[in-house]
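**Student:** Dropping a prediction and its sequence here:
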Amino acid sequence: MGADRRLLGLLGGERDPGVDVAEAAATGGCGELADFHHRPSYTGDGATSYVNLGFVPATHGVNCTGTNQRIGAYECTNISNTGRSAGAFDTSTRVLSLLNRNATNMAGHLNHLGVSIALTLADSRGLKVVSRAGGGTAVLSYDRGVRLADAVAAAPGSGAPTSSLFALARNNAGTPDLFRAASLGFVVVGGPLSDAQGLAQYNAVQAWATSVGAQV
């Protein structure tokens, strides 16, 4: 799994939204981003393959806490299924996960019973993000840097997951499930950003993806 951990090294850690992706690549920051350039995406088979990112929200999170969470995933292929782009699950109120698209919806789980963002969403590709701040019930969603409809979370909890985050599947208390047959290029986890910060982050991610030929 060593090569895969280098491939997805960027995916496993929090990033300061002010750090430019290109700058991080040049300095070898953000995990092992420089190695990530050798393979711009990782493709799951939807059945058994996944990547353990090694990021445990409850112990590794700084800006990502039990009440402030943000998770985003950049998919390179257009997929519609119930598999998770990335996720970790202990209980229904101790969970962090994202589903870029199933049918016309994206779905986020941020320490609450899952919400489906009801949209006419025809494409899972690009950077999709869900965010929740201050332990509140509002769940914000973004597609390629543009804010979409807000949703209301049910029964929000305040404890971050103690299971490590998986990519292309969900870590269900140590057991992978909800595998996703997608090509995944980038995952980001951290605390909430403003709309302007989120757009700036998307632009940086898109510039990185373009530099490695993975843009959509």
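**Tutor:** It's in.
**Student:** in the protein, which spans are helices?
**Tutor:** 2-7, 21-27, 33-36, 57-60, 195-211 (DSSP state H).
**Student:** pLDDT on the third one, on average?
**Tutor:** Mean per-residue pLDDT for helix 33-36: 34.
**Student:** tell me the centre residue of the protein?
**Tutor:** Gly72 (3.2 Å; Cα atoms, centre = their mean).
**Student:** Quick check: closest non-adjacent residue to it.
**Tutor:** Nearest-residue entry for Gly72: Val129, 3.7 Å, with adjacent residues in sequence omitted and distances by Cβ to Cβ, 6 or more residues apart in numbering. The C-beta positions use only the backbone N, C-alpha and C, and glycine is treated the same way.
**Student:** go on, Pro192?
**Tutor:** Per Cβ to Cβ, 6+ apart, closest to Pro192 is Ala133, 4.1 Å.
**Student:** For the one you found, grab the count of nearby residues.
**Tutor:** Neighbour count of Ala133, defined by other Cβ atoms under 10 Å: 16.
**Student:** How much space separates it from Ser211?
**Tutor:** 31 Å (Cβ to Cβ, to the nearest Å).
**Student:** pLDDT score assigned to the residue nearest to Gly72?
**Tutor:** Model confidence at Val129, given as pLDDT, is 94.
**Student:** same check, this time on Leu184
**Tutor:** 92.
**Student:** Same question for Gly198.
**Tutor:** Residue-level pLDDT assigned to Gly198 equals 94.
**Student:** With the one 10 residues further on instead?
**Tutor:** The confidence metric pLDDT takes the value 87 at Trp208.
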